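Sequence and predicted structure are below.
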Amino acid sequence: MRNINQDLISGLASETYRPCVLIKLDDGDEQIYYTTWDCAIENGGNVYYPRGMEFNTVKYGTSSVVDNISMKLDDTNRAIYSFLSAQPPGGINATLTLAVLDKYCDVLGATDIFLGSVSEWSYSPTILSCRITSIFVQWTNVTTHVFSGSCRWTIFKGTECKYVGDATECDRKYDTCEAFENVHNFGGFRWTQSLEDKEETKTYKNPMRWPYGRR
């Protein structure tokens, strides 16, 4: 369940609230900030500058996870175009935030409503169109490769195997490859079988860099 800032809830419940959307684009080294409001907004120590935006319907997958959202941004000065051009697809992280302002245009409360990366974009005069894809969409991807504990090379002494010894056949086991002194060309994942009966496998990556972002 999403936790929403209590000040944001109170602002929405009041009779005089001013909602707006904040967007942050981050390439890992530099960030740019924009808002749908007609003046600059400060939130979290960052200043969001006015920028015309148009949001299309949010697309949902078969689960309750949002897959992607499409939007158009006013980019007359080509600032966003230059920012996106410097990175490959998926190299720009995006955060959309819903904020509520008081009568002085100060933020009463804000909550992140969508996190993802810019998966595709295009530019036409003054308008930049882009699609922001959720990081969770990767959970639905199906691997096309099965990790095997035995060697994957189908041709013994072939271009991948590279064995040039006197042996005439191989059972594709690591021990056999070790006996042939050819383990540096072994085409399997030797630890796969030892992990099959494990109840839990732990790994660690910086959560800000996984499953998207640059290392």
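Nice, I can see it. Values in this document were obtained by computation on a predicted structure and should not be read as measured data.

For stretch 110-117, the averaged confidence score.
Stretch 110-117 shows a mean pLDDT of 89.

Pull up the gap between the most far-flung residue of the chain relative to its centre and Phe186, please.
Most distant residue from the mean C-alpha position of the chain: Asp166, 49.3 Å away (C-alpha atoms, centre = their mean). Separation of Asp166 from Phe186 (C-beta to C-beta, to the nearest Å): 19 Å. C-beta here means a position set from N, CA and C on the backbone, and glycine is covered the same way.

what do you get for Phe156?
Phe156 is 13 Å from Phe186, where distance means C-beta to C-beta.

likewise Ser82?
Ser82 sits at a distance of 46 Å from Phe186 (criterion: C-beta to C-beta).

ok, those two, which is more surrounded?
Using other C-beta atoms under 10 Å as the criterion, Ser82 and Phe186 rank with Phe186 on top: 20 against 11.

What residues does the more buried one make contact with?
Contacts for Phe186 were tallied using C-beta atoms under 8 Å, 6 or more residues apart in numbering; they are Cys151, Tyr174, Cys177.

For it, which non-adjacent residue is closest in space?
Among residues not flanking Phe186 along the chain, Cys177 sits closest, at 4.7 Å (C-beta to C-beta, 6 or more residues apart in numbering).

anything in contact with each of Phe156 and Phe186?
By C-beta under 8 Å, 6+ apart, no residue touches both Phe156 and Phe186.

Would you verify that the residue nearest to Phe186 is located in a helix?
Yes: the assignment for Cys177 is a helix, going by DSSP: H, G, I helix; E, B strand; the rest coil.

Next, count neighbours for it.
Neighbourhood size, Cys177 [other C-beta under 10 Å]: 24.

In this structure it contacts Val183, no?
Yes: the pair Cys177 and Val183 qualifies as a contact (C-beta atoms under 8 Å) at a distance of 5.3 Å.
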